[in-house]
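**Q** got a predicted structure here, sequence first:
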Amino acid sequence: MAASTALLFLSPAFAMAAPDVVVSIKPIHSLVASIMKGVGEPSLIVEGAASPHTYTLKPSNARALENADVVFWVGPGLEAFLDKPLEALPKNAKVVELEDAPGLTKLPFREGGAFEGHDHGDHAEAGEGADDHAHDHGAEEAGHDDHAKAEHADDHGHDHGAEDAAAAGEVNGHEDHAHEGHDHDEHEHGGTDMHLWLDPSNAKAMAAEIAKSLGDADPANKAAYEANLTTLNAEIDALDTEIAAQLKPVLEKPFIVFHDAYQYFEKRYGVRVAGSVTVSPETMPGAERLSTIHAKIEELGAACVFAEPQFEPKLISVVTEGTQAKSGVLDPEGGALEAGPGLYGQLMRNLSTSMSTCLSQ
């Protein structure tokens, strides 16, 4: 009897329970789910086709956060709706802000016009790098040191409004969370572009931080997290090479995107994003902006204009009217995809396929 009882407690069902993990958005959730394979499943806050740019925290989300052992998010520059609720969490909850992950390449937001200040002379070099895409990732990332690596504590550039306060009210009654004490009132607009995951090298850097954080919170499963990280890194490397090969024939064709979410993808692969319909997805463009983009499409002979599934597609019809530009859809946050470990790879492949298909017409 005693022997059988001992065997029960050694069985997987009685193994150390996985931590309760909550993740903000789908691309990050995919990376966390990959690292947690065989151990547990993380919860997701921004589900379906919802966008973190316009999301309002639900009571069910607030309850999930209250029960979380570990919370992963990119940072307040992207998920502003989470900022105050996370500060109100119990101190024993571990909050991991992935924009602080070591080894990230960070780019400043481009603002105003249709990227008039953006120098497409860099594209020839980027294209060459894509040609021989057996990347030397260390050298490449060292080359990115010239980019403005906006310091986290100074550059989130977001506005906490009544929505945040209401959301924070869902998670109250706790002492202030040890959330690195950000003084967000001092953030200046126009900090770091937070779509970090669209560069596979950044996805690997965030995955490493995810595995480390999970291992620290759950030492019993540390070896599993590390093994899953090794597998994920190999998958991302193969994905990176695949995308570079697919995009190689269309690198010189300019296109317009709905909002400026793609510069990490652009820098990585050398594609030629010529401008965005709107500077910020929270603010719909006025007539003057639409006129500017229409003129830019005609001036450059832009081959495609890409919408996003979360936002108003009619704007794309307005700016392409009377031009030769085709239209397509890009989904940088995986809104149309099923959440899970496979989402990151599918998201990146979909971006590459949509660009390649439209620009090849």
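**A** Arrived safely.

**Q** what about the helices in the stretch 151-300 of the chain?
**A** Per DSSP state H, counting those that start in this stretch, the stretch 151-300 of the chain has helices spanning 162-170, 200-217, 222-247, 263-269, 287-300. These are given in chain order.

**Q** relative to helix 200-217, how tilted is the third one?
**A** Between the axis of helix 222-247 and that of helix 200-217 there is an angle of 170 degrees, by axes from the mean of the first three to the mean of the last three Cα atoms, to 10 degrees.

**Q** in helix 222-247, what's buried?
**A** 224-225, 228-229, 232-233, 235-237, 239-240, 243-244, 246-247 (16 or more other Cβ atoms under 10 Å). (Each C-beta comes from the backbone N, C-alpha and C, glycine too.)

**Q** still on that earlier bit, S276: which of the helices of the stretch 151-300 of the chain is closest?
**A** helix 287-300 (7.8 Å; Cβ to Cβ).

**Q** let me know the average pLDDT across stretch 228-243.
**A** If you average the pLDDT over stretch 228-243, you get 98.

**Q** kindly export it (C-alpha atoms) in CSV.
**A** Below are the C-alpha coordinates for stretch 228-243, written out as CSV (Å, rounded to 0.1, in the frame of the first residue of the first chain):
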residue,chain,number,x,y,z
ASN,A,228,11.6,23.8,-25.4
LEU,A,229,13.6,27.0,-25.9
THR,A,230,16.2,25.1,-27.9
THR,A,231,13.5,23.6,-30.1
LEU,A,232,11.8,27.0,-30.6
ASN,A,233,15.0,28.7,-31.5
ALA,A,234,15.7,26.1,-34.2
GLU,A,235,12.1,26.6,-35.5
ILE,A,236,12.5,30.4,-35.6
ASP,A,237,15.9,30.1,-37.5
ALA,A,238,14.3,27.9,-40.1
LEU,A,239,11.3,30.3,-40.4
ASP,A,240,13.7,33.3,-40.8
THR,A,241,15.5,31.6,-43.7
GLU,A,242,12.2,30.6,-45.4
ILE,A,243,10.8,34.1,-45.3
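
**Q** hang on, the earlier thing: by mean pLDDT, show me the worst of the helices of the stretch 151-300 of the chain.
**A** Looking at these, the weakest mean confidence is helix 162-170, a mean of 37.

**Q** and for G48, the neighbour number?
**A** G48 has 11 neighbours, counted by other Cβ atoms under 10 Å.

**Q** where does the stretch 251-361 of the chain dip in pLDDT?
**A** Along the stretch 251-361 of the chain, segments meeting pLDDT under 70 span 279-282, 312-313.

**Q** run the last query once more with 90
**A** 256, 258-260, 274-302, 307-325, 361 (pLDDT under 90).

**Q** all strands of it, in order?
**A** 254-259, 272-278, 304-307, 326-329 (DSSP state E, counting those that start in this stretch).
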